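# I would like the atomic coordinates for the input below:
(chains A and B)
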Amino acid sequence: MIGKKIGWSAVDLVVIAFALIPVAWLLSLSLKDPTTVAQGGFLPKKWTFDNYSAVFTKGNFLQPLINSIGIALLATLIAIVLGTFAAYAIARLEFPGRNLMLGAALLVAMFPQVSLVTPLFNIERSTGLFNTWPGLILPYVTFALPLTIYTMSTFFREIPWELEKAAKMDGASSFQAFRKVIVPLATPGVVTAAVLAFIQSWNDFLFSISLTSTDRARTAPAAIAFFTGASQFDEPAGSIAAAAVIVTIPIVIFVLIFQRRIVSGLTAGAVKG
Amino acid sequence: MTITEAKAARISDGKAAERRLGWYLCSPAAIFMLLVAGYPIVYSVILSFKRYDLRFPDQQGWVGFSNYATVLTNSFWWDTFGVTMLITVVSVAVELVLGMGLAVIMYRTLVAKGLLRTTVLIPYGIVTVVAAYAWFYAWTPGTGWLANLLPAGSAPLTQHWPAIGIIILAEIWKTTPFMGLLLLAGLATIPEELYRAASMDGAGRWQRFVKITLPLMKPAISVALLFRMLDAFRIYDNIYVLTKGAVGTSSVSILTYKNLVRGLNLGIGSTMSVLIFLTVAIIAFIFVRVLRTGAPGEGGRR
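The predicted structure follows:
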């Protein structure tokens, strides 16, 4: 038994190293003193936090960061509201067009985003949406909708809805039954869908570099790609690494808090096909 | 009106109300997807039959299939298409093998199960561009710890095959956990008794894997493969950061984007968009066909 445990520990360590080494490298790079970046080596020889302050002072990273947070939150909120309606209907109601709706959602989920970039670029330029928050929120919501509909309808199907009736028989009002019985049962599904939708919107790069032109709406991942050194000969590696670490922090927090939810959400649609 | 008739009328009233409610609840999401995904794709089909170059706004008109002829006879398009396919097939194949291993490890390990599942979510959740920069600097001569392991003077990201290898590596690192989690869900549905019975009959570990695990996981594997194939074919972020599409590493998405921002030729760009969309549809169609014929009870070989 002990031998087995040691064996598994070794295997686990390999997996954890595989998953974390690139992240650790980025963190180390962000802490390197600019003069030592070009020396290579995994760990910094001279530590500094200058890269992090430089990102905000010289790199103007604050605005893209605000854009990223605002746009991803708003897109998640809209996708959750619209997705909850649709998922409830799909999970509980009988109506023609139910499968069509699921099919359409699947089609959008598999859609190559780049196919939308050229037409959206032209449409948004003529409607004034180009380089604005709504201009990015629209495609983010669209691509988050299939995810939220599938995740939440799978969750909603598992809810014992008879409990609502039972609560009403026990004297609860409709609203009380909904708030005290249904909301707590449905919340895990909604939270899971929200986390997945946020991660997906946070992750986008293609729409952000195609549909924005300035820091007015450009999100953090796209802003990082536009980082340059203070002068042409300056190496932006340190600033890029620092900005990259900052963008990763919310993801790490989400993963730590919602580990179980993310796993169940990712696999919700897959098992039942 | 008899009682039963009244009852029937009420039931069908209820049914009609349920239908209406279903439509009302679905319509906001449906309208959203139609406006932001449906309309642009139709618009892009229209543009693909037009000469539409933003640098020559007064020379717009219908040109039939000439945009398609231009793209499909262009060797650069086919090179790009081939590279995209190569990256897709190789990375998904490696991910399937590694993901299977990862799923078995996450399922069977006796130590730190929770920690393992939390850790592998980091590559899944991390922003692709961020991960791509980690690899970019790791392979940059001088700066990178991986580049410094190579013989002096080598710059892998500036050579065709090493660059493609690194792009594939970055893809595999990012998405193997996703594959592993999908397969883990399939693994968890297999009843443990089957393994016990098989090992009583003297089946070894490998035999049990091939004769029990693989056949029973076929649906989970197919779904995971389809999702990843379609996703890998859209590859953009990794290539943009790692090589910008230089040294023959452009994917179809990179090419379409470049055509948009550098060329401003929306006619040609839309044509490429339509071709990429068709390719994805064909891949999905083939998969669904194979899935159907592979379902239990149909054309079973054993």
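
# quick check: closest non-adjacent residue to residue 40.
No chain was given, so I picked chain A. Excluding the flanking residues, the one nearest A:Gly40 by Cβ to Cβ, 6 or more residues apart in numbering or on different chains is B:Asn148, at 4.4 Å. Yep, even glycine has a C-beta here, placed from its N, CA and C like the rest.

# wait, chain B
A:Pro119 (3.7 Å).

# go ahead and confirm A:Gly70 touches A:Thr132.
No - with contact defined as Cβ atoms under 8 Å, A:Gly70 does not count as touching A:Thr132 (11.8 Å).

# pLDDT weak spots in the chain?
Unless you meant another one, I'm taking chain A. Residues of chain A that meet the criterion pLDDT under 70 lie in A:229-235, A:269-273.

# actually chain B
B:1-11, B:291-302.

# closest to the centroid, which residue in it?
B:Asp231 (1.5 Å; Cα atoms, centre = their mean).

# now it: which helix or strand?
Take DSSP states H and E as the rule and B:Asp231 turns out to sit in helix B:218-233.

# the helix or strand hosting B:Ser12 - contacts with which helices or strands?
Per DSSP H and E: B:Ser12 is located in helix B:3-33. Using 3 or more Cβ pairs under 8 Å, 6 or more residues apart in numbering or on different chains; DSSP states H and E, the elements in contact with helix B:3-33 are helix A:62-92, helix A:98-109, helix A:133-157.

# quick one: the spatially most central residue of chain A from chain B, how far?
The centroid of chain A falls nearest to A:Ile199 when counting by Cα atoms, centre = their mean (0.8 Å). Separation of A:Ile199 from chain B (Cβ to the nearest Cβ, to the nearest Å): 5 Å.

# which SS class is that residue?
Of the three states, A:Ile199 takes helix under DSSP: H, G, I helix; E, B strand; the rest coil.

# now it: closest residue in space, sequence neighbours ignored.
B:Gly125 is the one closest to A:Ile199 (Cβ to Cβ, 6+ apart), at 5.4 Å.

# hang on, the earlier thing: pretty sure the residue nearest to A:Gly40 is touching A:Gly41, no?
Yes - the criterion here is Cβ under 8 Å, and B:Asn148 meets it with A:Gly41 at 7.4 Å.

# just want to know which of those two has more residues nearby.
B:Asn148 (17 against 14; other Cβ atoms under 10 Å in any protein chain shown).

# and the gap between that one and A:Ala38?
B:Asn148 sits 11 Å away from A:Ala38, going by Cβ to Cβ, to the nearest Å.

# overlap in contacts, the two.
B:Gly142 (Cβ atoms under 8 Å, 6 or more residues apart in numbering or on different chains).

# now the strands: where do they sit in chain A?
Read by DSSP state E, chain A holds no strands at all.

# show me which helix runs longest in it.
helix A:237-272 (DSSP state H).

# say whether chain A is contacted by the helix or strand where B:Pro215 lies.
Taking DSSP H and E as the criterion, B:Pro215 maps to helix B:214-216. No - judged by Cβ under 8 Å from any Cβ of the partner chain, helix B:214-216 stays clear of chain A, getting no closer than 12.1 Å.

# off-centre distance for that helix?
Distance of helix B:214-216 from the chain centroid (Cα atoms, centre = their mean, to the nearest Å) equals 23 Å.

# list the buried residues of that helix.
B:Leu216 (16 or more other Cβ atoms under 10 Å in any protein chain shown).

# which one is the residue of the stretch 51-200 of chain A found nearest chain B nearest to, not counting chain neighbours?
Relative to chain B, the nearest point of the stretch 51-200 of chain A is A:Phe95 (3.1 Å; Cβ to the nearest Cβ). The shortest distance from A:Phe95 to any non-neighbouring residue, by Cβ to Cβ, 6+ apart, is to B:Gly22 (3.1 Å).

# can I assume the residue nearest to A:Gly40 sits in a helix?
Yes - assigned with three-state DSSP, B:Asn148 falls within a helix.

# for the stretch 1-150 of chain B, what spans make up the helices?
In the stretch 1-150 of chain B, the helices defined using DSSP state H, counting those that start in this stretch lie at B:3-33, B:39-48, B:66-72, B:75-108, B:113-125, B:128-138.

# and among these, the most buried is which?
helix B:128-138 (a mean of 25; mean count of other Cβ atoms under 10 Å in any protein chain shown).

# fine by me, thanks again.
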